[in-house]
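Participant: Quick one, what's the 3D model for this:
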Amino acid sequence: MATVLSVSGSPSTTSRTARLLRHLDERLIAQGHEVSALDVRTLPAEALLGADFGHPAIVRATALFEQADGVVIGTPVYKAAYSGLLKSLLDLLPQYALSGKTVLPLATGGTTAHVLAIDYALRPVLASMGPAHITPGWFTLDKDITVGEDGTLTVASGSAEALAQVTDQFSAALGGRTTLLAAAG
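Facilitator: Residues are numbered from 1 along each chain as shown. Reported below is the predicted structural model:
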């Protein structure tokens, strides 16, 4: 099927956003996609903040974007927008790093007051990077994500169903994209 890059823009080592993405990665793998994970917090701060385009870690991250057919972008919402950490990485990518790709935007946050952050903050930046398609995204409340003592993730039923739906729409869009690429090739 398709190659998917799953990107977490959370700076936290105990991030619900990253755990939610890894949960959705499993769904995409079960649907036959190859998934690579990128936690932006693992990239060197000096390279991100110093805009070091040539740093080996940034070069590797850029290559992951180039190789992907689809990209899932997950971010916590801070101050009604996506994380500054994610912004630092997006600023270092080539202008059209998402060219021809299918993108699924996801966000997590503490209040429904931030539910539109995907459409008013994240989506415009992603659209400026040239994706072929940005599928409908989803905002999940922090309270709907529970991590058990054993590390298992539970998502409240309404959110779980919505996440499954947007993930399946993304997967279906990827299926169409890979079919088109095969026909063109």
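
Participant: so A37 sits in a helix?
Facilitator: No: looking at A37 with DSSP: H, G, I helix; E, B strand; the rest coil, it is strand, so not inside a helix.

Participant: Skipping its backbone neighbours, what lies nearest it in space?
Facilitator: Sequence neighbours aside, S6 is the residue nearest to A37 in space, at 4.9 Å (criterion: Cβ to Cβ, 6 or more residues apart in numbering). In this view, the C-beta of every residue, glycine as well, is placed from N, C-alpha and C.

Participant: Repeat that for V59.
Facilitator: Distances taken as Cβ to Cβ, 6+ apart place F53 nearest to V59, at 7.9 Å, with adjacent residues excluded.

Participant: Pretty sure that neighbour sits against L92.
Facilitator: Yes: because the distance of 5.9 Å satisfies Cβ atoms under 8 Å, F53 is recorded as touching L92.

Participant: Which one's more surrounded, the two?
Facilitator: Between F53 and L92, L92 has the larger neighbour count (other Cβ atoms under 10 Å), namely 20 against 13.

Participant: What segments of the chain are strands?
Facilitator: 3-8, 34-39, 70-76, 102-109, 133-134, 138-141, 145-147, 153-155 (DSSP state E).

Participant: which other helices and strands contact the second one?
Facilitator: Contacting strand 34-39 under the criterion 3 or more Cβ pairs under 8 Å, 6 or more residues apart in numbering; DSSP states H and E are the following elements: strand 3-8, helix 16-30, helix 56-67.
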